[in-house]
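[1] got a structure for you, letters missing:
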């Protein structure tokens, strides 16, 4: 079994890539829920849904989120009432949020509801929210204002400088059922190419996660979301720089060095491999932009081999 710490689009594509080279049933995705929000009376879990829709083959490939062939008539109708419509919820996508909200109000935990949604979509991999409890990513901006993640990411287009990040509720939250077992018993743990601060950070902030990964660091392999100093999607490069790190694959390795033994970096960053090795992190170089199924499968194979090689080396 392979466990994958997962954020949004990059993680979903990494999970799909892994299913090209191993049985999907042997994948366990531990998914960030710090991005979750309540909107229009609905409980919305963007990263969980991106992972589920991608594994189901129903994702909108152009955006990387939402459902294919989606419409937005309901959102347009809401605008008539003066309701803010900055968060794009499609008509078909709304059914998922309505179902989740209904089941949560009935008392079902998020992990059980997620399993029900996965079954409904025919997803055979195990998809676990990191916790069943409420954790929210909060960002303090350069001007001192603190805002929720989706306010920063969607409403403001992540175009504002950030001073600090915290994960409200993380210290008291319990890991969802199955998460700790996956982290302790998986053959390998993959840190997907997700934003290391706001996608992977909330998972690492939960009690017991850093300890579990640190105890078996050799079997943890990351994939850098930074290529040539830039993030493919989102603000990972800017956040690393704004919070005192370096916007590069080296910066990602330094940020995660306590919990990873290896990192897969893109060919354009091959020159950073020696510096990364100085962090006691093994750098593996291959093409990491998943443009085609063939490239995706090659990347997935490189990720698995990197972890296994480090484990065999015993360090």
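    Yep, it's here. Bear in mind the structure is a predicted one, so any value in this text is a computation, not a measurement. Residues are numbered from 1 along each chain as shown.

[2] where do the helices sit along the stretch 1-150 of the chain?
    Under the criterion DSSP state H, counting those that start in this stretch, the stretch 1-150 of the chain contains helices at 9-18, 46-55, 73-79, 91-105, 110-120, 149-150.

[3] in the protein, where's the longest helix?
    Determined from DSSP state H, the single longest helix within the chain is helix 293-313.

[4] give the other helices and strands that it contacts.
    Counting by 3 or more Cβ pairs under 8 Å, 6 or more residues apart in numbering; DSSP states H and E, the packing neighbours recorded for helix 293-313 are helix 9-18, strand 188-191, strand 220-223, strand 262-265, strand 282-285. C-betas here are computed from N, CA, C, even on glycine.

[5] so which elements touch the first one?
    In terms of contacts (3+ Cβ pairs under 8 Å, 6+ apart), helix 9-18 is packed against strand 2-6, strand 27-31, helix 46-55, helix 293-313.

[6] mind putting those into a markdown table with distance to residue 275, mean neighbour count and mean pLDDT?
    As requested, the helices and strands packed on helix 9-18 are exported to a markdown table (distance: least, Cβ to Cβ, whole Å; neighbours: other Cβ atoms under 10 Å; pLDDT from 0 to 100):
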| stretch | distance to residue 275 | mean neighbour count | mean pLDDT |
| --- | --- | --- | --- |
| strand 2-6 | 24 | 27 | 98 |
| strand 27-31 | 29 | 27 | 98 |
| helix 46-55 | 31 | 25 | 97 |
| helix 293-313 | 17 | 18 | 89 |
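
[7] turn the ones you listed into a markdown table, including distance to residue 73.
    What follows is these, written out as a markdown table (distance: least, Cβ to Cβ, whole Å):
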| stretch | distance to residue 73 |
| --- | --- |
| strand 2-6 | 31 |
| strand 27-31 | 29 |
| helix 46-55 | 19 |
| helix 293-313 | 34 |
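
[8] out of those, flag the one nearest residue 183.
    Closest to residue 183 of these, according to Cβ to Cβ: strand 2-6, at 6.0 Å.

[9] tell me the angle that closest one makes with strand 27-31.
    20 degrees (axes from the mean of the first three to the mean of the last three Cα atoms, to 10 degrees).

[10] so what touches strand 2-6?
    Residues outside strand 2-6 that contact it (Cβ atoms under 8 Å, 6 or more residues apart in numbering): 11-12, 14-15, 18, 22, 26-32, 47, 51, 182-183, 186-192, 194, 199-200, 203, 304.
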